[in-house]
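**Q** Would you be able to build a 3D model of this:
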Amino acid sequence: MRLSAVVCTHDRPDDLRRCLAAFAALEDAVEVIVVDSASRTAVEPVAGVRLVRLDESGLSRARNAGLAVATGDLVAFVDDDAAVAPDWARRIAEPFTEATVGCVGGTCRPVFVSRRPAWLSERLLQYAGITRFRERRDAVARRDYPFGANICFRRSALGEGFPEHLGRTGSALLSGEEVVAIDRVRERGFRVVLEPRAVVDHLVGPERCEGSYFWRRLWWQGVTRARGEASVAVTLRLLAALPVRIALYAGTRDRMHMYRLAETAGYLRELVAR
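**A** I've put the predicted structure just below:
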């Protein structure tokens, strides 16, 4: 099966150069497509890389533009601040030899640009795009879904692509588009597999080592939930969790519990706004 890899980028030329250098060092042939999502300085053409330019930014929009021109039976999406391992292509493609597999997610291994603060736990790192799984297994619930920094779909399973009312645009950390896409894959009867041997090194920049990032990240997760799954049950569950999270933070000083308060705040604020 032919593999296409889509890299969406916006105003991160240094990260993109590192990403494309890793693709150039792959041990297996891959079609590489870069989607320039309205960068202020247009991405320069790169030999062997197909370049698509969009005048309107938006991660879901850029992913769908890459999907539209990809020629592979398998279409992978890799963040521009991630660098694939030399054997990544065959590792991410291998599970698709089973016809029931529609999506495969690989490992996102952290590369810290600055010193990692002591309070930045493994659980919090998930909100910086870092994975925690250690063995190949099926993802059977949303909490197990792979991250978009290193994910691959069978084209026939992905169908219409990513919902463009969700996903990051500019400085807004709206998410949820990958969850919708994976849900659709499962609804079509396909399996979702986690493959830890398909590795990318994902940068954790200085901004993701500051508390303000996680306040923002969890706030926007709450906004995403309000737009995608708002219900009385979800609202009551988040409200009931407030005193529990406050007590857990007081007892453990694990910032994970504190930042989850921002998720509830973002959710409620979006409900009121809507």
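
**Q** can you list the domains in the chain?
**A** For the chain, the domain assignment from automatic domain parsing gives the residue ranges 3-206, 211-273.

**Q** Pairing partners for the strand of greatest length in the chain, with directions?
**A** Once the chain is assigned using DSSP state E, the strand that runs over the most residues is strand 191-204. Each strand paired with strand 191-204, and its direction, by DSSP bridges: strand 82-84 (antiparallel), strand 101-112 (parallel), strand 137-138 (antiparallel).

**Q** picking that back up, output the domains of the chain in CSV; the columns should cover mean neighbour count and mean pLDDT.
**A** No exception for glycine: its C-beta is placed from N, CA and C like everyone else's. Putting the domains of the chain into CSV (neighbours: other Cβ atoms under 10 Å; pLDDT from 0 to 100) gives the following:
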stretch, mean neighbour count, mean pLDDT
domain 3-206, 18, 95
domain 211-273, 16, 94
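
**Q** Show me what secondary structure element comes after the strand or helix carrying residue 235.
**A** Assignment of secondary structure by DSSP states H and E places residue 235 within helix 232-252. The helix or strand immediately downstream of helix 232-252 is helix 255-273, counting by DSSP H and E.

**Q** for that following helix, packing partners?
**A** helix 122-125, helix 211-229, helix 232-252 (3 or more Cβ pairs under 8 Å, 6 or more residues apart in numbering; DSSP states H and E).

**Q** CA atoms only: put that helix into PDB for me.
**A** Listed in PDB are the C-alpha atoms of helix 255-273, where the atom choice follows Å, rounded to 0.1, in the frame of the first residue of the first chain:
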ATOM      1  CA  ARG A 255      -1.300  20.600  38.800                       C
ATOM      2  CA  MET A 256      -3.300  18.300  36.600                       C
ATOM      3  CA  HIS A 257      -6.300  18.600  38.900                       C
ATOM      4  CA  MET A 258      -6.000  22.400  39.000                       C
ATOM      5  CA  TYR A 259      -5.800  22.800  35.300                       C
ATOM      6  CA  ARG A 260      -8.800  20.600  34.800                       C
ATOM      7  CA  LEU A 261     -10.800  23.400  36.400                       C
ATOM      8  CA  ALA A 262     -10.100  25.500  33.300                       C
ATOM      9  CA  GLU A 263     -11.800  22.800  31.200                       C
ATOM     10  CA  THR A 264     -15.000  23.200  33.200                       C
ATOM     11  CA  ALA A 265     -14.700  27.000  33.000                       C
ATOM     12  CA  GLY A 266     -14.200  26.900  29.200                       C
ATOM     13  CA  TYR A 267     -17.100  24.500  28.800                       C
ATOM     14  CA  LEU A 268     -19.500  26.700  30.900                       C
ATOM     15  CA  ARG A 269     -18.400  29.900  29.200                       C
ATOM     16  CA  GLU A 270     -19.100  28.400  25.800                       C
ATOM     17  CA  LEU A 271     -22.500  27.100  26.800                       C
ATOM     18  CA  VAL A 272     -23.500  30.700  28.000                       C
ATOM     19  CA  ALA A 273     -22.100  32.200  24.800                       C
END
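
**Q** and the angle from that helix to helix 232-252?
**A** An angle of 150 degrees separates the directions of helix 255-273 and helix 232-252 when computed by axes from the mean of the first three to the mean of the last three Cα atoms, to 10 degrees.

**Q** Same list, the helices and strands packed on helix 255-273, but as CSV with distance to residue 16 please.
**A** CSV is the format used below for the helices and strands packed on helix 255-273 (distance: least, Cβ to Cβ, whole Å):
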stretch, distance to residue 16
helix 122-125, 23
helix 211-229, 21
helix 232-252, 37
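
**Q** Out of those helices, which gets nearest to residue 75?
**A** Nearest to residue 75 among the helices and strands packed on helix 255-273 is helix 211-229 (23.0 Å), distances taken as Cβ to Cβ.

**Q** Quick one: residues contacting the nearest residue to residue 64 once chain neighbours are set aside.
**A** Spatially, and ignoring its direct neighbours in sequence, residue 64 is nearest to residue 161 (4.3 Å; Cβ to Cβ, 6 or more residues apart in numbering). By Cβ atoms under 8 Å, 6 or more residues apart in numbering, the contact list for residue 161 reads 60, 63-64, 67, 181.

**Q** Please report how far residue 161 lies from residue 57.
**A** To residue 57, residue 161 is 17 Å away according to Cβ to Cβ, to the nearest Å.
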